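>>> For reference, the sequence and a predicted model appear below.
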Amino acid sequence: MLICEYENGKDGDEMTQRTMAAPPPSPGAVRLGLRENRAQFVLLVVVTAAVGALVGLERTTVPLIGTEVFGLAGNLAVFSFIIAFGLAKALTNLAAGALTARFRRRQLLLTGWLIGVPVPFVLAWAPSWWWIVAANVLLGVNQGLTWSMTVNMKIDLVGPARRGLATGLNEAAGYVSVGATALLTGYLATHHGLRPAPELVGVVFLAAGLGLSLAAKDTAAHLALELSRHPAPGGGGPAGPSFRETFALTSWRDRSLRGASQAGLVNNLNDGLTWGVFPLLFTDHGLGIAAIGLIKGIYPLLWGVGQIPAGHLADRIGRKPLVVAGMLVQAAALLLALALPGGPLLAGVLSAVGLGLGTALVYPALIASVSDHAHPAWRAHALGTYRFWRDIGYAAGALVAGVLADALGLDATILAAAVLTALSGLLAARWMTDRPRTRPPHFAGTPRGVRGRGAGRTERGPALRGPDRSC
């Protein structure tokens, strides 16, 4: 096996490459790569499936519980549980990046599962609607910690070369599970009522997730190995930019990270909006709970399965083409929900297919893009910031849906979401950049706007000098 080292050239900016034989790894040595860490990776994939299944409990039944069990009349009141979930998850994602500096990833993963323990029981037997809203605060914290940590741990294990595939597999496991659970709860609600049977399935997912997380190993050694192969991050001192600086970089100062963050927000705005609107819309068009469960299940199932090839494709052709195409596909899919008023089931299925495929293109490419533009020393902070903006989309989607649906109706709400999604895709095309394939991944250390000792002159990092750029 060959390894590459890079040395400063005479001018201090260019890099001279030196290739030499790598020593054989010692038995039990920490190594980066999907194949090298397949046992731990597969274990974490199953954990992510349990994470997705827990939130999948709510996809079909909870909006109908609000209207049919608790008699809520206003759409904004019905969607309040999604607002609570989105805010809690977004803030937890933001905090998770900072918490990784003080706690190990595995500790935060286990904490997230413990916080989620009351959720299925409250959903099953809540005496009032506001108990369900409170349960969604806990669910948001649970999802923020568990999903953030499984993403970070998989990225730690595989290293930079297979980052898109790793995030695709992670998100695929989670969202296939969301879709399967939505189908299951729709079936159970049809035969056993809206409560408590559909919600109590969540106890199985909690037990599985917590038990498997106890068996998982922490990835601190893999992160340390990747850090050892990188130059020190430029800016903010030896540890790189501070949390505040990273938040500013990811949110608006770095052009590409800004493009990814806004696309993530609008993507989940669609998800939050359809989460609340679709059950009510298709109920109004005469569909039963089983049919609605089918529509709500197809969307995340395709979203999940499609992320495996999409993640692989993002590693081959770049992140930006998938993000732009995915947002435009989602915009068209939203319009399909309104295109066939005489056939609501067909309209719902076609819309769900388009939303699933469009989101599958976007999701792994965005996470991989943020990882590309962040040094490992502050990557968890950058991912936490991106996931903060992305999951604020749940709350924004529910809020927009509630206000517009009460004022203009459900059809106008979906039309507005389609326009916003198309605009987001155009912004992503303008702002996002892909890292050049000829540049080694470990030079993605200093985004534009950060300056410090050893920082390159551009956001693309130092240039290579030498004939071999394959490393």
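Yes, it's here.

>>> Residue 289 and residue 183 touch, don't they?
No: if you go by Cβ atoms under 8 Å, residue 289 and residue 183 don't touch, sitting 11.3 Å apart. (C-beta placed from N, C-alpha, C; glycine too.)

>>> Just confirm residue 36 is within a strand.
No: per DSSP: H, G, I helix; E, B strand; the rest coil, residue 36 lies outside any strand segment and is coil.

>>> how about the helices of the stretch 351-471 of the chain, start to end?
Remark: helices assigned in the stretch 351-471 of the chain by DSSP state H, counting those that start in this stretch are 379-408, 410-431.

>>> Give the other helices and strands that the longest one contacts.
In terms of contacts (3 or more Cβ pairs under 8 Å, 6 or more residues apart in numbering; DSSP states H and E), helix 379-408 is packed against helix 75-78, helix 80-99, helix 129-158, helix 243-248, helix 255-284, helix 344-372, helix 410-431.

>>> now the last one
Packed against helix 410-431 by the contact rule (3+ Cβ pairs under 8 Å, 6+ apart) you find helix 255-284, helix 320-336, helix 379-408.

>>> check contacts around the spatially closest residue to residue 112 that is not a sequence neighbour.
Ranked by Cβ to Cβ, 6 or more residues apart in numbering and with sequence neighbours excluded, the top spatial neighbour of residue 112 is residue 145, at 2.9 Å. Residue 145 makes contacts with 92, 96, 108, 109, 111, 112, 115, as judged by Cβ atoms under 8 Å, 6 or more residues apart in numbering.

>>> Lowest pLDDT pick from those residues?
pLDDT across the contacts of residue 145 is lowest for residue 96, at 82.

>>> For it, list the residues it contacts.
108, 144, 145, 148, 149, 380, 384, 387.

>>> from what I can see the last one touches residue 86, true?
No: applying Cβ under 8 Å as the test, residue 387 and residue 86 come out as separate, 11.6 Å apart.

>>> so which helix or strand takes in residue 72?
Under DSSP states H and E, no helix or strand contains residue 72.

>>> What values do phi and psi take at it?
When quoted as degrees, to the nearest 10, the phi and psi of residue 72 stand at phi -70, psi 130.

>>> Just give the closest residue to it, not the sequence neighbours.
residue 66 (4.5 Å).

>>> Tell me the secondary structure of that neighbour, please.
Put simply, residue 66 is helix when judged by three-state DSSP.

>>> ok, how many other residues are close to residue 286?
9 (other Cβ atoms under 10 Å).

>>> State the distance from the residue lying closest to it once chain neighbours are set aside to residue 429.
Leaving aside its chain neighbours, residue 286 sits nearest to residue 344 (6.7 Å; criterion: Cβ to Cβ, 6+ apart). Going from residue 344 to residue 429 by Cβ to Cβ, to the nearest Å gives 33 Å.

>>> which of the two has more neighbours?
residue 344 (20 against 17).

>>> That one contacts residue 285, doesn't it?
Yes: here residue 344 reaches residue 285: they are 3.7 Å apart, a contact under Cβ under 8 Å.

>>> Low-confidence ranges, the stretch 1-150 of the chain, go.
Within the stretch 1-150 of the chain, the stretches with pLDDT under 70 are 1-28.

>>> try 80 this time
Counting by pLDDT under 80, the stretch 1-150 of the chain has low-confidence residues at 1-29, 97-98, 101.

>>> cool, the stretch 251-400 of the chain as well?
Within the stretch 251-400 of the chain, the ranges that satisfy pLDDT under 80 run 340-342, 376-377, 380.

>>> Would you mind putting the CA coordinates of the host helix or strand of residue 122 into PDB?
Secondary structure from DSSP H and E places residue 122 in helix 119-125. Written as PDB, here are the backbone C-alpha positions of helix 119-125 (Å, rounded to 0.1, in the frame of the first residue of the first chain):
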ATOM      1  CA  VAL A 119     -42.400   9.000  24.100                       C
ATOM      2  CA  PRO A 120     -44.400   5.900  22.900                       C
ATOM      3  CA  PHE A 121     -46.300   5.700  26.200                       C
ATOM      4  CA  VAL A 122     -47.300   9.400  26.200                       C
ATOM      5  CA  LEU A 123     -48.400   9.100  22.500                       C
ATOM      6  CA  ALA A 124     -50.500   6.000  23.400                       C
ATOM      7  CA  TRP A 125     -52.300   7.400  26.500                       C
END
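
>>> just checking, what packs against that helix?
Applying 3+ Cβ pairs under 8 Å, 6+ apart, one finds that helix 119-125 contacts helix 129-158, helix 197-200, helix 202-215.

>>> Reformat these as CSV; add distance to residue 228.
CSV is the format used below for those (distance: least, Cβ to Cβ, whole Å):
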stretch, distance to residue 228
helix 129-158, 13
helix 197-200, 47
helix 202-215, 27
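
>>> Would you mind finding the most buried of those helices?
helix 129-158 (a mean of 24; mean count of other Cβ atoms under 10 Å).

>>> now the helix or strand just after that one: how far from the chain's centre is it?
Remark: after helix 129-158, the chain's next helix or strand is helix 163-192, criterion DSSP H and E. For helix 163-192, the separation from the chain centroid amounts to 14 Å (computed by Cα atoms, centre = their mean, to the nearest Å).

>>> Residue 386: neighbour count?
Residue 386, neighbours per other Cβ under 10 Å, totals 28.

>>> quick one, what contacts it?
Shown in contact with residue 386 (Cβ under 8 Å, 6+ apart): 250, 257, 260, 261, 264, 366, 367, 370.

>>> If you drop the residues flanking it in sequence, what lies closest to residue 96?
Distances taken as Cβ to Cβ, 6+ apart place residue 148 nearest to residue 96, at 4.3 Å, with adjacent residues excluded.

>>> And residue 217, by the same measure?
Spatial nearest neighbour of residue 217, excluding adjacent residues (Cβ to Cβ, 6+ apart): residue 40 at 5.9 Å.

>>> go on, residue 226?
residue 376 (5.1 Å).

>>> Residue 258 now?
residue 252 (5.1 Å).

>>> Please apply the same query to residue 209.
Excluding the flanking residues, the one nearest residue 209 by Cβ to Cβ, 6+ apart is residue 50, at 3.4 Å.

>>> how close does that neighbour get to residue 217?
Applying Cβ to Cβ to residue 50 and residue 217 gives a distance of 17 Å.

>>> follow-up on the earlier one: please work out how many residues are found near the residue nearest to residue 72.
Residues near residue 66, counting by other Cβ under 10 Å: 25.

>>> That one touches residue 81, doesn't it?
Yes: in this structure, residue 66 is within contact of residue 81 by Cβ under 8 Å, at 7.3 Å.
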